[in-house]
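Q: give me the fold of what follows.
(chains A and B)
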Amino acid sequence: MAERVLVGMSGGVDSSVAAALLVDAGYDVVGVTMKLWGGESDSGCCSVSDVDDARWVAAELGIEHHVFNFGDEFTEFVVGPYVDTHRTGGTPNPCIECNRHIKFDLFFERASVIGFDYIATGHYAQVAERGDDTRRLRRAVDPLKDQSYVLHMLGQDVLSRLLLPIGGWTKPDLRAEATRRKLFTAAKPDSQDVCFITKAGGREEFLEARGGLTPGVIVDQSGAEVGTVAATELVTVGQRKGLNVSGMGEPQFVLDVNLTESIVTIGPRRSLQDGETGFSQPVWAHEPFTGSANVQASAHGEARPAMVHEDRVTWDAPRDRIAAGQSLVFYDAATNTEVVGGAIAQ
Amino acid sequence: MTAYLDHAASSPLRPEALEAMLPWFSEVHANPTASHRRGRRARQALDDARAVIAEATGFERGEIVFTGGGTESDNMAIGRDHSPGTIIVGATEHPAVLEPAVRQHARIAAANAHGVVTVDAIKEVATPETEVVSVMAVNNELGVIQPVSEIAAAVHEVAPGARMHTDAVQALPWLDLASILDGVDVVSVTGHKLGGPQGTGAIAMRAGRAPRPLLVGGGQERDHRAGTQNVAGIVGFAAAVRASIDDRDERLARIDRLATRLLDGLVDQVDGVRPTVPREMRVPGIVHVCIERVASEPLLFLLDERDLACSAASSCASGAQGASHVLSAMGLDTTNVAPLRLSLGWNTTEAEIDEALRIIPAAVNTIRQRSHG
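A: A predicted model of the protein is given here:
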């Protein structure tokens, strides 16, 4: 009997092709759209029309399609922490928390309970098998689309039962494939940004409605007030634009966001440079790791050489400070392609 | 072998309905407003159907207006442009009543632990300014019967001019509406819960209490509902209602026996199954249970995989299972509890009950084992 795969279908072109490739490969495939967010959204992964798109593609592929409602869990594990992190002056990454708690925990667990051998998603990343019967998450073939950063938390339990059918594809090839297959979603635009934040309302409106926003003062490194900011929660360490401070000589960057006192400290670029970054909540692909690695601090940022210690990384060359709440992802030192682990910057 | 235990969502077409409809898809065809003989024949068919719905609801033939279904009837009954606080609806109403009411800032009458909106609960929120009260005769999730006639009396005492509406969509297959709707001004019914075609329904309304039309332009249904009538559908609707009245006593006895066997069997075979409402408070065909230590979505998935059709709570437009507002109105904590509605209907067989009693315990056990494995 064919092995059974539960494939997450967001209604986008990537997961549509992923499902099609799994069907071609001879798996017994069932598609699932996760209903995550019941509030307003521009599109993302949550609206009824996206569910319809996924359903139509499933029908085109001749596979069953179901909807799983993880709305309560999404609010608890993704939206709540997103708001909380902003409230404490950090910079959250909700896509990572969604992957950690929803797609590769609840969905993964659900697949086991209902009797599936594998889960699959339309993420751009690859699972590499090693000789020692362990696996590693590897960067996608398309460097522009690589999503290994947001999937870095996957451990052996998930990696051993995860299929990522499109990790070997470039986006242009994948779109061409979707067109060739006449998939309904072939020309659908990529989803952007955070799925529960609308373009019209933005983070401002979202956070305003969930506890308000705090006006703050901007000070220089000596503590002298040089300006004000309407919403301290929306300021990010490293930010340069939108501070409305002039006559300071050289360009000014946010060095620190203190939500307790609503103080934003700014200074010149050189003051933003750090030789090390502390972290918490490390996760590992296999076993805890210390040593040389390439460390990436944003979804499409450059991975830089560093030493990973127990609770911090020391950068080979000083770099701009990383906002608390961002994820640090450790790739192997030699090739910068395999995820060793990751953690949350403090 | 399959089992269809989702009649409360939609019941298969009765053969009587199909037979009555077929000529209207082929040899007979006309717009019932046309003056020629074919048109007159179509109009006659509508009037005959109207008489059946009138008999079934206890209204006059002239008080019956055909609609596109229960939701349309409910929306029309609630109406529009009411001032905040002047609409009262039960907490366990169908979304077709709840949503238009809540959008107009309705007052919500609480349900008790059995899911019943009592006369006292209505009295607590009713005022002389109340314009519309809507309480369903039988709840669609639980099958629980509500005291609509007593509520109507209480409403009219406090607010004599108020419109008392009852969604009788789930009551029509099981109860003699004429005997339970005393004092109710406006009633919604649909065809497809008892073997009529989907997309058919009616609103019955006492003279002088009629809500404003939703659709205008054409004058059909005496100006209460514009648009060419769905003649074939209405004929099928009436045929299903006729058949349902004719076999009611025999059918209820048979289904009560099947439902009892189903419920007893589940309680017997599965740990942690309890009926949500006592038998004497509900219609025979809707069996609602709460199953402990199992989640609802995976259970429905496995049941569907074995081709047992049933439902958990309300389904939202995306197809996802939503949390039940009915169970939360009852104060039920459904954490790690799977609510399951097994609804029987006119063609439910012993074999389907056997199948359900084979599939459900096995699926529950599978989930419990895998969840703790």
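
Q: and residue B:234, helix, strand or coil?
A: For residue B:234, the assignment made with DSSP: H, G, I helix; E, B strand; the rest coil gives helix.

Q: what residues does the stretch 151-300 of chain B have near chain A?
A: Within the stretch 151-300 of chain B, the positions lying close to chain A (C-beta under 8 Å from any C-beta of the partner chain) are B:295, B:297-298. C-betas here are computed from N, CA, C, even on glycine.

Q: quick check, nearest of those residues to chain A?
A: residue B:298 (4.8 Å; C-beta to the nearest C-beta).

Q: need the contact list for that closest one.
A: A:110, A:113-114, B:367 (C-beta atoms under 8 Å, 6 or more residues apart in numbering or on different chains).

Q: start to end distance for stretch B:277-297?
A: 22 Å (C-alpha to C-alpha, to the nearest Å).

Q: what do you get for stretch A:206-224?
A: 31 Å.

Q: again with stretch A:326-341
A: End-to-end distance (C-alpha to C-alpha), stretch A:326-341: 14 Å.

Q: buried ones in that stretch?
A: Using 16 or more other C-beta atoms under 10 Å in any protein chain shown as the burial criterion, the residues of stretch A:326-341 that qualify are A:326-333, A:336-341.

Q: who's in contact with it?
A: So stretch A:326-341 is contacted by A:91, A:93, A:96, A:128, A:136-139, A:148-149, A:151-152, A:154, A:277, A:279, A:282-285, A:288-289, A:291-298, A:303, A:305, A:308, A:313, A:322, A:342-345 (C-beta under 8 Å, 6+ apart).

Q: how far off centre is that stretch?
A: Here the centre of stretch A:326-341 is set off from its chain's centre by 15 Å, with C-alpha atoms, centre = their mean, to the nearest Å.

Q: same check, this time on stretch B:193-211
A: 11 Å.

Q: now swap in stretch A:81-97 and tell me
A: 12 Å.

Q: buried set for that stretch?
A: For stretch A:81-97, using 16+ other C-beta under 10 Å, the buried residues are A:81-83, A:85-87, A:89-97.

Q: picking up where we left off before, could the buried residues of stretch A:326-341 go into JSON lines alongside secondary structure, pLDDT and distance to residue B:269?
A: Output for those, formatted as JSON lines (DSSP: H, G, I helix; E, B strand; the rest coil; pLDDT from 0 to 100; distance: C-beta to C-beta, whole Å):
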{"residue": "A:326", "secondary structure": "coil", "pLDDT": "93", "distance to residue B:269": "52"}
{"residue": "A:327", "secondary structure": "strand", "pLDDT": "96", "distance to residue B:269": "48"}
{"residue": "A:328", "secondary structure": "strand", "pLDDT": "97", "distance to residue B:269": "52"}
{"residue": "A:329", "secondary structure": "strand", "pLDDT": "98", "distance to residue B:269": "50"}
{"residue": "A:330", "secondary structure": "strand", "pLDDT": "98", "distance to residue B:269": "52"}
{"residue": "A:331", "secondary structure": "strand", "pLDDT": "98", "distance to residue B:269": "53"}
{"residue": "A:332", "secondary structure": "strand", "pLDDT": "97", "distance to residue B:269": "54"}
{"residue": "A:333", "secondary structure": "coil", "pLDDT": "96", "distance to residue B:269": "59"}
{"residue": "A:336", "secondary structure": "coil", "pLDDT": "97", "distance to residue B:269": "57"}
{"residue": "A:337", "secondary structure": "coil", "pLDDT": "97", "distance to residue B:269": "53"}
{"residue": "A:338", "secondary structure": "strand", "pLDDT": "97", "distance to residue B:269": "50"}
{"residue": "A:339", "secondary structure": "strand", "pLDDT": "97", "distance to residue B:269": "47"}
{"residue": "A:340", "secondary structure": "strand", "pLDDT": "97", "distance to residue B:269": "50"}
{"residue": "A:341", "secondary structure": "strand", "pLDDT": "97", "distance to residue B:269": "47"}
